[in-house]
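Peer 1: Structure here, sequence nowhere to be found:
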Ligand SMILES: [Zn+2]
């Protein structure tokens, strides 16, 4: 096995990927090549799938050039965990959730029996939420028309 072959599949667990990196390091050392921890860590970084790109950028930006697996693996694990939790919810799903919370029985309401609405975060008018805002919808369609005109 070679360091350059180190690549993490999109569905690989990070822990497995990390231990594979350590295996390669051990094998190379057994073969008489001294591989520094930082070299292994950088190889791990470069073999990460795109989901880790943001965290990899953060790690790269905050390091002085010396990395170790023990340093980066816990950070990368937080990405893995957040990926599993949220299957990238769509905007609609987020809005539906927000609506559910507003209509939920646990929430005290100033309007007995009715849905409390607004004030709108966009225009400030009571009676509707931002995602129902006609002013916002109008502005968005105007913006789209303008973009179309520009093309
Ligand atoms: Zn509004």
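Peer 2: All right, it came through fine. Predicted model only: the values in this text are computed from it and were never measured. Residues are numbered from 1 along each chain as shown.

Peer 1: Do a quick rundown of the strands in this structure.
Peer 2: Using DSSP state E, no strands are found in the chain.

Peer 1: Name the residues of it found near the ion, please.
Peer 2: Within the chain, the positions near the ion by Cβ under 5 Å from the ion are 120, 122-123, 133. Where C-beta positions appear, they are placed from N, C-alpha and C, glycine not excepted.

Peer 1: quick one: low-confidence ranges for this protein?
Peer 2: Applying pLDDT under 70 to the chain flags residues 1, 84-116.

Peer 1: Name the residue most distant from the centre of the protein?
Peer 2: residue 32 (39.9 Å; Cα atoms, centre = their mean).

Peer 1: for it, phi and psi?
Peer 2: The phi and psi values for residue 32, taken as degrees, to the nearest 10, are phi 100, psi 0.

Peer 1: rewinding a little: and the residues of the chain next to the ion, which are buried?
Peer 2: Using 16 or more other Cβ atoms under 10 Å as the burial test, the residues of the chain next to the ion include 120, 122, 133 as buried.

Peer 1: for the residue nearest to the last one when sequence neighbours are not counted, what are its contacts?
Peer 2: The shortest distance from residue 133 to any residue that is not its chain neighbour, by Cβ to Cβ, 6 or more residues apart in numbering, is 4.6 Å, and that residue is residue 122. Under the criterion of Cβ atoms under 8 Å, 6 or more residues apart in numbering, the contact list for residue 122 reads 130, 133, 135-136.

Peer 1: Got a ChimeraX select line for the buried ones in those residues?
Peer 2: If you want just the buried ones from the contacts of residue 122 in ChimeraX, going by 16+ other Cβ under 10 Å, the selection is:
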select :133,136
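
Peer 1: Could you identify the most distant pair in the contacts of residue 122?
Peer 2: 130 and 135 (9.8 Å; Cβ to Cβ).

Peer 1: Mind splitting this protein into its structural domains?
Peer 2: 3-85, 92-103+115-150 (automatic domain parsing).

Peer 1: Just say which of these is most tucked in.
Peer 2: Each of those was assessed for mean neighbour count using mean count of other Cβ atoms under 10 Å. The highest is domain 3-85, with a mean of 14.
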